[in-house]
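Chemist: Need a 3D model of the following:
(2 chains)
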Amino acid sequence: MITPATLQPIADAAKAGLQQISKFCIAPGVNLSGAEFGFPAIPGVFGVNYTFPPLADLTYYVSKGMRLIRLPFVWERIQPVLGGPLDPAHIAWLNSFITYDPNVIIVLDCHNMGGAFGGMIGIDGPTNQQFADFWALLATTFNAPNVIYGLMNEPHLSSAQWTATATAAIAGIRATGSTNTISIANIGFEVAFNDPNYLIEAHIYFDADNSGTHSTAASPTVGPDRVAHLTAWGRTNGIRLFLGEFGAANNAGMFTAMGNMISFMQVNPDVWMGWTYWSGGPWWGSYFQSIEPTNLGQSNQADAAQMTALLTYLP
Amino acid sequence: MTITPVQLQPIAVAWQNALNQLNTLIALANASSSGSSITPTGGGSLIDVAGATWTFGTNTGNGGTGIFRNGAAAASGQGVKLEVDVNGVIWTQNAQNNWYMWNGSGWTAEASGPTI
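Modeler: Here you go, the predicted structure:
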């Protein structure tokens, strides 16, 4: 006679097996910060207000099994004149990452929060068309198949405005002939887009106000709780999801919450395509969620506690 | 020759679907059987497909007696009967003979009683 008690160990083993296989098909990764640093010094001075994470960073994270790298940058720095050419230094830096390994996926992350050149896009800043033209130029410049176009980090725009702005950018990218994946920020309102290859990008933190500024996890299951509705929506609508940001303070409660978040994605591989931890990069110093190793590249290089906690979830 | 993530993804999804079916089967087997019911006067408890325990409290109102899920009021629900449907989901019938189904966070009005 088959009973629930008979089947439960089989289900537990199946779950563990699914999580193992999902390590390989849900891309794990990290944000590498630096190029977006220095706000409000825009454009600021390279080496003073902002920097480019070095290839040594990429090598380190890839060596840990990560293969999805989100690279934040600032619009006014990569395109110093609205409508003008792209900055050669930014092009060289991004290309060095893109060409490192075709199996490593690079997410270009326009980290402008919805504003640029002194105003909000589509309102009192650049027009939607200028944003579309900017992304068309990026898509033309960075057209390798391992590049994902992350339209905008956490746009501080209404749902209607962001939908219109993102729609324009998608059209601009597709007009170039690009078929690359586009990552579109979810700003709390689940919106589907008319495009064959896009992701909805979520940012989840585990503190009480989902801000990523506190070191205490709201609960062990706060991550899955916060993405449950989005996950069901993605499944219903056939839309894939990308966890573009999450981070953890160095304590057991946070690491449990982080593990439960990743485990949740690993048992929902039909919708979740990947995740990038917030954050690594050379200038974080003592930032409480930094995953950057100490003494990178030196004989005394040491993993951050956050990396040690993540290793369980890496292939 | 290497195996790519793209090749593995459909296998993972098939695995996920099989696991979900297995978990549903186990949850249903652990739940009270379809058609099981309790009343405020008869007492007792029911277990749904999510593993939650359902009971009646002692507080009463227009709709009947207060309904408790895992010992806490279930979205202010009141009824005269709790019943488990064929999918292990809890329904309640209130004093006005109306049926409501538990939707995970609240009660959804239904035109008729549960399928058992």
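Chemist: Could you use CA atoms for every contact and neighbour count after this?
Modeler: Noted.
Chemist: ok and the residue in chain A nearest chain B?
Modeler: A:C25 (4.4 Å; C-alpha to the nearest C-alpha).
Chemist: And the pLDDT for that residue?
Modeler: At A:C25, the predicted lDDT confidence score is 93.
Chemist: can you tell me which residues contact it?
Modeler: Applying C-alpha atoms under 8 Å, 6 or more residues apart in numbering or on different chains, we find A:C25 in contact with A:269, A:273, B:5-6, B:8-9, B:12.
Chemist: go on, A:G244?
Modeler: A:31, A:70, A:201-203, A:275-277.
Chemist: which of the contacts of A:C25 are buried?
Modeler: Buried members of the contacts of A:C25, counted by 16 or more other C-alpha atoms under 10 Å in any protein chain shown: A:269, A:273, B:5, B:9, B:12.
Chemist: Please confirm that B:G77 is located within a strand.
Modeler: Yes. Residue state for B:G77 (DSSP: H, G, I helix; E, B strand; the rest coil) corresponds to a strand.
Chemist: Could you count how many residues lie near it?
Modeler: 21 (other C-alpha atoms under 10 Å in any protein chain shown).
Chemist: Can you give me the distance of it to chain A?
Modeler: Distance of B:G77 to chain A, computed by C-alpha to the nearest C-alpha, to the nearest Å: 23 Å.
Chemist: I'd guessed that residue sits against B:G66; true?
Modeler: Yes. Using C-alpha atoms under 8 Å, B:G77 is in contact with B:G66, at 6.0 Å.
Chemist: ok so, going back, from the contacts of A:G244, which is closest to A:L151?
Modeler: A:E201 (9.9 Å; C-alpha to C-alpha).
Chemist: Please name the bridge partners of the closest one.
Modeler: A:A185, A:F242 (DSSP bridges).
Chemist: got a list of what it touches?
Modeler: A:183-186, A:241-244.
Chemist: Specify which member of these is nearest to A:M1.
Modeler: The nearest member of the contacts of A:E201 to A:M1, counting by C-alpha to C-alpha, is A:L241 at 40.8 Å.
Chemist: I'd like to know how many residues surround the closest one.
Modeler: A:L241 has 26 nearby residues by other C-alpha under 10 Å.
Chemist: In space, what's closest to the spatially most central residue of chain A - neighbours in sequence excluded?
Modeler: Note on chain A: the residue nearest the mean C-alpha position is A:G244, at 2.6 Å, using C-alpha atoms, centre = their mean. The shortest distance from A:G244 to any non-neighbouring residue, by C-alpha to C-alpha, 6 or more residues apart in numbering or on different chains, is to A:T276 (5.1 Å).
Chemist: What helices and strands are in contact with the helix or strand hosting that neighbour?
Modeler: Using DSSP states H and E, the element containing A:T276 is strand A:272-280. Counting contacts by 3 or more C-alpha pairs under 8 Å, 6 or more residues apart in numbering or on different chains; DSSP states H and E, strand A:272-280 packs against strand A:27-32, strand A:68-73, strand A:240-245.
Chemist: of these, which approaches A:M120 most closely?
Modeler: Minimum separation from A:M120 across the helices and strands packed on strand A:272-280 (C-alpha to C-alpha) falls at strand A:68-73, 16.9 Å.
Chemist: Does anything pack onto that closest one? Which helices or strands?
Modeler: Packing contacts for strand A:68-73, counted by 3+ C-alpha pairs under 8 Å, 6+ apart, involve strand A:27-32, strand A:105-110, strand A:272-280.
Chemist: Need the phi and psi values for B:S34.
Modeler: Phi and psi for B:S34, reported as degrees, to the nearest 10, are phi -50, psi 130.
Chemist: what's the distance between it and B:D85?
Modeler: From B:S34 across to B:D85, the span is 5 Å (C-alpha to C-alpha, to the nearest Å).
Chemist: more neighbours, those two?
Modeler: Using other C-alpha under 10 Å, the more surrounded residue of B:S34 and B:D85 is B:D85, with 22 against 19.
Chemist: tell me the pLDDT at the more buried one?
Modeler: Note on B:D85: pLDDT of 97.
Chemist: How about A:A202?
Modeler: 98.
Chemist: swap in the one 4 residues further on?
Modeler: Here the pLDDT value assigned to A:F206 is 98.
Chemist: How about the contacts made by it?
Modeler: Applying C-alpha under 8 Å, 6+ apart, the residues contacting A:F206 are A:212, A:216-219, A:222-223, A:246-248, A:254, A:257-258.
Chemist: Please repeat the previous calculation with a cut-off of 7 Å.
Modeler: Residues near A:F206 by C-alpha atoms under 7 Å, 6 or more residues apart in numbering or on different chains: A:212, A:217-218, A:222-223, A:257.
Chemist: secondary structure class for it?
Modeler: When classified by three-state DSSP, A:F206 comes out as coil.
Chemist: got the buried residues for stretch A:273-288?
Modeler: For stretch A:273-288, a neighbour-count test (16+ other C-alpha under 10 Å) marks A:273-284, A:288 as buried.
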